[in-house]
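turn this into a structure:
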Amino acid sequence: MTPEQSSGDFFDLAKPHVRRSMVLLALGAVIGLAIAGYGLFTAKGTRSHSVPPEDLALVNNRPILRSDFMTQVQTEFATPFAESLPEQRAKVLQEMVAEELQVQRGLEIDLPSFDPDVRSALVAGVQLEVAADVMAQQPTDQELRTYYEAHKGRYVGEGVLRMRDLVAKSGAAATAEEAMANAQQAVTALRAGLPVEQAVRHYRLEDSGALMVAGHVDTDEVFEFAAKAKLAGEIYAAAATLRSGQVSEPIRQSDGVHVVVMLEHRLPVQEDYATAADRVWTDYKDEAQARVRQANISYLRSRADILLSPEARELSPHARELQERVR
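Reported below is the predicted structural model:
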């Protein structure tokens, strides 16, 4: 009988035995797999039954930070964390666990792909993260003054005016030529000092209605931007050049011939740096954030493969740039 065939030699380590060798190899493999499995499931980043000291809880291995928990307790109950009650802390913990579960579910079903509110929130969050450093930095006074000098045109006080937009109507009562002649006579009389109301009656003029408020002629002060929005383009262009007490030339429009009487016109005034300082700071920060966000978009675009349809290529001014990385 050979050694391999003798069962009595199985435990005799001095003699070779095939079955014993196979058993030992299998046992070694099982032990190795057990050690590897233990290492895999206890390694950092895997599910664990222990909670790291900086975390209060793990939800599907996603942490709820102690610092976030303490902040939320203080915010929700308006009390220092040390003075909060166990019931309050338990309530906040339940809310944070429920929130994390719902966030994870939203990611699981790819909610950002079809919910516009979620997409908007993600975009806003990314922009806030990208601009965080810019928001934290405080520009020096010299940087702000340099910015102000480079953009002085932005910091001009709004002009204010009081005016009448009068019109000599054309139509059944008067031809276009008669309306023009009437308006020209009114202009001459007004420039000679005839009071506005007398000119309205004598030359049968009417207020255009563009500056009326609640059915009444508005002779109060009006900001230039408001007048520009309410008046026809040619009428506002004429008014913008007039000084206090001046009268425009007749302006032919579809409803007749207009005459602008400028009662008072306070022109826009350049603001000095001290007056405009707050707006300068805001504009400076806004532009810095816009530059950082645009740089981030350019970086993300450089990493992306974007394929545009023929219609999209016609619509997009950046079509060539967008498709640089398409393979």
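
give me the low-pLDDT residue ranges for this protein?
The chain contains residues with pLDDT under 70 at 1-18, 20, 23-24, 30, 36-49, 212-219, 316-327.

spatially central residue in it, please.
residue 124 (6.9 Å; CA atoms, centre = their mean).

that residue and residue 132, how far apart?
To residue 132, residue 124 is 13 Å away according to CB to CB, to the nearest Å. Backbone N, C-alpha and C define where each C-beta goes, glycine included.

any figure for the gap between the closest residue in space to residue 70 that isn't next to it in sequence and residue 66?
Using CB to CB, 6 or more residues apart in numbering and skipping residues adjacent in sequence, the residue nearest residue 70 is residue 81, 4.6 Å away. Between residue 81 and residue 66 the computed distance is 10 Å (CB to CB).

other residues contacting stretch 270-280?
144-145, 147-148, 152, 154-157 (CB atoms under 8 Å, 6 or more residues apart in numbering).

now, of these, which are buried?
Buried members of the contacts of stretch 270-280, counted by 16 or more other CB atoms under 10 Å: 144, 147-148, 155.

right, and out of these, which lies closest to residue 300?
residue 147 (27.8 Å; CB to CB).

which one is residue 284 nearest to, not counting chain neighbours?
Spatial nearest neighbour of residue 284, chain neighbours left out: residue 147 (4.9 Å); criterion: CB to CB, 6+ apart.

helices and strands around the helix or strand hosting the one you found, which ones?
Assigned by DSSP states H and E, residue 147 belongs to helix 141-150. Identification of packing neighbours for helix 141-150 by 3 or more CB pairs under 8 Å, 6 or more residues apart in numbering; DSSP states H and E yields helix 273-303.

now the helix it packs on: buried residues?
276-277, 280-281, 283-285, 288-289, 292-293.

got TSV for these, with distance to residue 189 too?
What follows is the buried residues of helix 273-303, written out as TSV (distance: CB to CB, whole Å):
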residue	distance to residue 189
276	43
277	48
280	48
281	52
283	48
284	52
285	55
288	57
289	57
292	61
293	59
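
quick one: contacts for residue 206?
For residue 206, the contacting residues are 166-167, 169, 200, by CB under 8 Å, 6+ apart.

closest to residue 257 among those residues?
Out of the contacts of residue 206, the member with the shortest distance to residue 257 (by CB to CB) is residue 167, at 6.7 Å.

quick check on the closest one: phi, psi?
When read as degrees, to the nearest 10, the backbone of residue 167 gives phi -140, psi 130.

cool, residue 171 as well?
Residue torsions, per degrees, to the nearest 10, at residue 171 are phi 150, psi -140.

name the nearest residue to it, sequence neighbours excluded.
Leaving aside its sequence neighbours, residue 171 sits nearest to residue 256 (CB to CB, 6+ apart; 7.8 Å).
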